[in-house]
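Enquirer: Please find the sequence and the predicted model below.
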Protein chains: 2
Amino acid sequence: MADFITKRSEDYSKWYNDLVINADLAENSAVRGCMVIKPYGYSIWEKMHDELDRRFKETGHKNAYFPIFIPKSFFSREAEHVKGFAKECAVVTHYRLKNSEDGKDIVVDENAKLEEELIVRPTSETIIWNTYKNWIRSYRDLPILVNQWANVVRWEMRTRLFLRTAEFLWQEGHTAHATKEEALEEAQKMLNVYSDFAENVLAIPVLKGVKTPTERFAGALETFCIEAMMQDGKALQAGTSHFLGQNFAKAFDVKFLNKEGKQETVWATSWGVSTRLMGALIMTHSDDNGLVLPPKLAPIHVVIVPIFKKQEELNIISEKVDVIIKKLKAKGLEVKFDDSDQNKPGWKFAQYELQGIPVRLAIGQRDVNNNTIEVFRRDKLEKTSVSMDNIDEYIVNLLDDIQKNMFQKALKYREEHSYKADTYEEFKALIEKGGFVYAPWDGTAETEARIKEETKATIRCIPLNQPLEDGVDMLTGKPSKQRVVFARAY
Amino acid sequence: MADFITKRSEDYSKWYNDLVINADLAENSAVRGCMVIKPYGYSIWEKMHDELDRRFKETGHKNAYFPIFIPKSFFSREAEHVKGFAKECAVVTHYRLKNSEDGKDIVVDENAKLEEELIVRPTSETIIWNTYKNWIRSYRDLPILVNQWANVVRWEMRTRLFLRTAEFLWQEGHTAHATKEEALEEAQKMLNVYSDFAENVLAIPVLKGVKTPTERFAGALETFCIEAMMQDGKALQAGTSHFLGQNFAKAFDVKFLNKEGKQETVWATSWGVSTRLMGALIMTHSDDNGLVLPPKLAPIHVVIVPIFKKQEELNIISEKVDVIIKKLKAKGLEVKFDDSDQNKPGWKFAQYELQGIPVRLAIGQRDVNNNTIEVFRRDKLEKTSVSMDNIDEYIVNLLDDIQKNMFQKALKYREEHSYKADTYEEFKALIEKGGFVYAPWDGTAETEARIKEETKATIRCIPLNQPLEDGVDMLTGKPSKQRVVFARAY
């Protein structure tokens, strides 16, 4: 039942947590900050994985796997990287347990202390570039276009299911190139793969942009990002793609012989999205009844609920349903027929709304007589009665419409909550209201920090493909060349 | 080139390592005992993943994800389990690093010591059963049929790529049932899924059996296993499926209300295979030229090498090849056309033999004139010239034949290296020779231990589906009811 989900208007944060728990997506584990991704939640992540993986392979990337542990010293190699990572992390110091002296317990064996501590990877640039050093000799070995699907650990103090957890699942692409141009092109290409995926699969409109130096990935020369707006007006960074320049190649001494036989330093990118996208998905589309899933990500597209009192009625209905299921499966759709008699139709309706199944069909004796079926679309919570003939085509079109409608609805929401501000007073009022605020900025980290300090808003990105516009910084009065996007963020 | 691979007859162990490295499957990393799975090796593992995952889902299982860390105390809960695991393992003791006082280095922050140490999972029974406790209330919540794809860490002292590494990738199924019968049936069902996968996909014949109590999984009441024979006559355990009884349910207090409203303790299974299968695959089929891949696992089925001197020749050949590629792709085959002019055909031939690509096509000007093409099958190292007409059907049939031939060849090898022994002298001689030795055993752990001590042979399994046979233990003269399978093992 959906009635134990707090309403969004009451407490957005509690609504989110209630939904994640009650829709069986994930839960907290016995280990602080680590989540259990439950089967239903994981099946949605698997769909994201498959869609992304296909896109990575279509753009020439291959998967590989690198160690979960990174020697502590590796982090010190790249000066900026160590500042950003390797602080709040899980440190392995020993490799053996033993029985306690009283035999009742097990304790760490102090004789099994590692010479050098190992860090559970928070991200893999260092171990991967240490490996690439051996893979790259000449320009013929380039580019290297590799991706890894893996778990990573960052010891976050305040955690929230999917959005910020100590352990999370992600993919991290790590590529090596002969030229700066090629690396920059790769970073942008993957940004486009992410935005295409976000918009066309997740139905989440995203702003493409670059991060300010303050918000850049530790060790990157440029961080490209996609930023989404949640239903509370807050921003969520949905993916990043980094142009790393030669920083990691220099740190790990990775050079190649160019066509002219001269040694050059390799250029790099890295890019990633994580189970955080589950949070973005939920907070973009879902409502007070529960999850709303775009059809392209739904593990089940259609659920069919029979309305019956007696077994004979169910038998007649089931015959009709069998035909419908066959037709829908032939269209490549996943269908569930819930003919259990343990729960009433009303309970089932609420349950499948909670789980976000895009289309629900209900069929009773009267429908059988009339050759009709009741079709409910989850996104608009609308019911309609249609003929059973061509129900398959009807549903294929309906799913397509749901996918498009969800994107359009989210886009409309974003547009309605995107503002321009030219004075700091305006700006503060708009930030308080929630949404994206396009405002002039003088380009300094000092101004950025002061605005963050005073309003909790950060520069989400300097949008790409946006005209330059001479202006004046709201705070300092210094000249600004372009509006940047401010928001409070997850 | 394959000539830097040591011959099997010279040094089997070195041959294996040379092959893994030179066929670009995996390599050692900077972290002791942890491997890097290279793109080509990973693409084969992905095929294994996909084939297994499909079979798991067809048998009603769903994937989920549980934390990588396990609180130390969890291991003490199940008495047998703690003996087998939680000894040689990676222990996380701290959650923060800090700059050293001189600012030159980073060091462990002693103020960030965990209250309870966390173990990097060597297997997940404990954390999962601690979770199931909250998922199970009544018989309606059962069965739970869940699988996890994950990395695990066991601090092995002597490691070998794929066969025994500190970190490895695997899947672990963990199911919960209302009755003993259902759990036993599940454990056997998954054993059959594994043996079907091993024989029909990996083309590796396997013996199905149960482990002796000594060789059982720590915490299991019965361990079912599939055992394969490598080309040096040694055994390799290729998969295990455990009937765990109520041990973990008791340790984590997992009960359910049955239909009569009475509390009962839940029954469990767990089952897994790992990247170790890559080792089994290599050592079952490969030869002195390199990897030999069964078509069902090959990331590339067919490689096409043009034989040409001038660009015009290549142009003419390429036109023909384009047609062939289209035909082959229409049959669902992965095809690579290597028309680079950097390497000579002979170099390419050796390279693709090393990589184990099942079929190689070579085509030159003369072939174009004759409407023929040279077909090379990797498994038998045989060349033949066939008509270009219907080349697609020819290759589909050939791949099918290769798949079957590889299995038959491995089966023949196993049969030729399977022996019966009735005296200890016979037994020792046969074990020294290599292979499976079927011998009577008195059923005691003492005899088993003495044989292991004296011959390095272990009881690989008590085979299923084998007639009972009254006999006399070779060592003790005590009665034996059935022959068991002894071998030296990986």
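Expert: Good, I have the coordinates.
Enquirer: contacts, neighbours, all on C-alpha from now
Expert: Noted.
Enquirer: Tell me the residues of the stretch 151-300 of chain A that contact chain B?
Expert: Counting by CA under 8 Å from any CA of the partner chain, the stretch 151-300 of chain A comes close to chain B at A:155, A:167.
Enquirer: Any idea which residue of the stretch 151-300 of chain A lies closest to chain B?
Expert: A:Trp155 (6.5 Å; CA to the nearest CA).
Enquirer: State whether that residue is indeed within a strand.
Expert: No. With DSSP: H, G, I helix; E, B strand; the rest coil as the criterion, A:Trp155 is assigned coil and is not in a strand.
Enquirer: you'd agree it is up against A:Phe85?
Expert: No. In this structure, A:Trp155 is not within contact of A:Phe85 by CA atoms under 8 Å, at 10.2 Å.
Enquirer: Which residue of those two possesses the greater neighbour count?
Expert: Between A:Trp155 and A:Phe85, counted using other CA atoms under 10 Å in any protein chain shown, the more crowded position is A:Trp155 (21 against 18).
Enquirer: where's the more buried one relative to A:Leu163, distance?
Expert: Going from A:Trp155 to A:Leu163 by CA to CA, to the nearest Å gives 13 Å.
Enquirer: got it, and A:Thr59?
Expert: With the distance defined as CA to CA, A:Thr59 ends up 28 Å from A:Leu163.
Enquirer: now A:His94
Expert: According to CA to CA, A:His94 stands 31 Å off from A:Leu163.
Enquirer: ok, the two, which is more surrounded?
Expert: Ranked by neighbour count (other CA under 10 Å), A:His94 and A:Leu163 place A:His94 first, with 24 against 16.
Enquirer: Look up the residues forming beta bridges with that one.
Expert: Beta-bridge pairing of A:His94 under DSSP bridges involves A:Lys113, B:Val91.
Enquirer: B:Ala90 is in contact with that one, correct?
Expert: Yes. Applying CA under 8 Å, one finds A:His94 in contact with B:Ala90, separated by 6.2 Å.
Enquirer: So what sits opposite A:Leu169 in the bridge?
Expert: With DSSP bridges applied, A:Leu169 shows beta-bridge pairing to A:Asn151.
Enquirer: Quick check, it in contact with A:Thr275.
Expert: Yes. Applying CA under 8 Å as the test, A:Leu169 and A:Thr275 come out as touching, 5.6 Å apart.
Enquirer: more neighbours, those two?
Expert: A:Thr275 (24 against 19).
Enquirer: need the contact list for the closest residue to A:Leu221 other than its chain neighbours.
Expert: Using CA to CA, 6 or more residues apart in numbering or on different chains and skipping the chain neighbours, the partner closest in space to A:Leu221 is A:Leu244 (5.3 Å). Contact partners of A:Leu244, counting by CA atoms under 8 Å, 6 or more residues apart in numbering or on different chains, are A:219-222, A:267-270.
Enquirer: try it again with 7 Å
Expert: A:219-222, A:268-269 (CA atoms under 7 Å, 6 or more residues apart in numbering or on different chains).
Enquirer: and it, helix, strand or coil?
Expert: strand.
Enquirer: What score does it have for pLDDT?
Expert: pLDDT recorded at A:Leu244 is 97.
Enquirer: Work out for me the element A:Glu432 sits within.
Expert: helix A:424-433 (DSSP states H and E).
Enquirer: And the helices in the stretch 201-350 of chain A, which stretches?
Expert: Applying DSSP state H, counting those that start in this stretch to the stretch 201-350 of chain A gives helices spanning A:247-251, A:276-285, A:311-330, A:345-354.
Enquirer: Just tell me which of the ones you listed ends up closest to B:Phe308.
Expert: When the helices of the stretch 201-350 of chain A are compared by CA to CA, helix A:247-251 sits nearest B:Phe308, at 38.9 Å.
Enquirer: Okay, strands next: where are they in the stretch 151-300 of chain A?
Expert: Secondary structure of the stretch 151-300 of chain A, counting by DSSP state E, counting those that start in this stretch: strands at A:167-177, A:207-210, A:222-229, A:235-245, A:255-257, A:263-265, A:267-274.
Enquirer: from the ones you listed, which stretch is densest packed?
Expert: Compared across these, strand A:222-229 shows the largest average neighbour count, a mean of 27 (mean count of other CA atoms under 10 Å in any protein chain shown).
Enquirer: Show the secondary-structure elements that that one is packed against.
Expert: Counting contacts by 3 or more CA pairs under 7 Å, 6 or more residues apart in numbering or on different chains; DSSP states H and E, strand A:222-229 is packed against helix A:180-200, strand A:207-210, strand A:235-245.
Enquirer: How far does that strand sit from its chain's centre?
Expert: 12 Å (CA atoms, centre = their mean, to the nearest Å).
Enquirer: Check which strands are paired with it and give the direction for each one.
Expert: By DSSP bridges, strand A:222-229 pairs with strand A:207-210 (antiparallel), strand A:235-245 (antiparallel).
Enquirer: pLDDT of the shortest one, averaged?
Expert: Spelled out, that is strand A:207-210. Rounded mean pLDDT across strand A:207-210 is 98.
Enquirer: Looking at the helix holding A:Glu432 now, give me its mean pLDDT.
Expert: For helix A:424-433, mean pLDDT is 97.
Enquirer: Kindly report the same for stretch A:214-233.
Expert: What stretch A:214-233 shows for mean pLDDT is 96.
Enquirer: Can you tell me what sits against it?
Expert: Residues outside stretch A:214-233 that contact it (CA under 7 Å, 6+ apart): A:80-81, A:84, A:191, A:195, A:204-211, A:235-245, A:247, A:283-284, A:414, A:417, A:434-435, A:445, A:460.
Enquirer: Span of that stretch from start to end?
Expert: Stretch A:214-233 has an end-to-end distance of 22 Å (CA to CA).
Enquirer: Tell me how far it lies from the chain's centre.
Expert: The chain centroid and the centroid of stretch A:214-233 are separated by 13 Å, computed with CA atoms, centre = their mean.
Enquirer: again with stretch A:30-42
Expert: Offset of stretch A:30-42 from its chain centre (CA atoms, centre = their mean): 16 Å.
Enquirer: And for stretch A:391-411?
Expert: Counting by CA atoms, centre = their mean, stretch A:391-411 is centred 22 Å from the centre of its parent chain.
Enquirer: All set now, cheers.
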